[in-house]
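Q: Kindly return the folded structure for what I paste below:
(one chain, ligands or ions: 2)
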Amino acid sequence: MRTFSEYLRDMLSGIRSLLSGLAITWKELWTKKVTRQYPENRDTLVISERFRAELVMPHDENNEHACTACGICQINCPNGTIKVISRTTETADGKKKKELDRYVYNLGTCTFCNLCVITCPSDAIVFSNNFENATFTREKLVKQLNHEGSRLQEKKPIKKAENETEKDSQTA
Ligand code: SF4
Ligand code: SF4
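A: Ligands and ions are numbered 1, 2, ... in the order given. Model prediction:
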């Protein structure tokens, strides 16, 4: 059976614990708030450029991209998130040529590991930091990255500078 002094000691310990908790609460009451009021602050919200939100395929003003449909990104993707569907066309001089038909990306299964971007030899894909991708159906997370009617660009791959920066940061 507990003695009266033990009971008193436990009670004082409880009061001390309660007061130390209240002291923290009081201190935090006056601390500057850091909570961001999203989505109200959408116009001023700053998302880090390196944040990987969604894989995209940049196109230039001529609706041209840099993807050669080589399939390396698909092979390197660890969970089958990318499907590169190609078609064979014939050039003016009668040669057969493989070109991109559809580049399908499933945002719902992507782990944002960046392996596809790092290993693409043409710098044809990058990660955008557009994070607002919530949807009510999973099907909407499956996206075609090449635009309708787009084709392979003839010159230097676009967005090369940005990709190099991204790759440098990966290897640093
Ligand atoms: S995105 Fe790059 S790695 Fe993937 S198929 Fe196109 S060129 Fe090849
Ligand atoms: S970031 Fe990783 S998981 Fe996502 S598509 Fe690229 S390789 Fe696949």
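
Q: max-length helix in this structure?
A: Ranked by number of residues, the top helix in the chain under DSSP state H is helix 4-29.

Q: Now do the buried residues in the longest strand seen in the chain.
A: Longest strand in the chain by number of residues (criterion: DSSP state E): strand 96-106. Neighbour-count burial for strand 96-106, counted by 16 or more other CB atoms under 10 Å, picks out 100, 103, 104, 105, 106. (Glycine included, C-beta is placed from N, CA and C.)

Q: partner strands of it, parallel or antiparallel?
A: strand 82-90 (antiparallel), strand 142-144 (antiparallel) (DSSP bridges).

Q: thinking again about what came up before, report the entries of the buried residues of strand 96-106 that also contact ligand 2.
A: For ligand 2, no contacts are drawn from the buried residues of strand 96-106 by CB under 6 Å from any ligand atom.

Q: For this structure, which residues are neighbours of ligand 2?
A: Residues of the chain lying close to ligand 2 (CB under 6 Å from any ligand atom) are 55, 76-77, 79, 81-82, 110-116.

Q: at 8 Å instead, please
A: Counting by CB under 8 Å from any ligand atom, the chain comes close to ligand 2 at 52, 55, 73, 76-82, 105-106, 109-117, 127.

Q: ok, of those residues, which come out buried?
A: Neighbour counting with 16+ other CB under 10 Å marks 52, 55, 73, 77, 81-82, 105-106, 110, 114, 116-117, 127 as buried within these.

Q: Using a markdown table, lay out the strands paired with strand 96-106 together with mean pLDDT.
A: Below are the strands paired with strand 96-106 laid out as a markdown table (pLDDT from 0 to 100):
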| stretch | mean pLDDT |
| --- | --- |
| strand 82-90 | 95 |
| strand 142-144 | 98 |
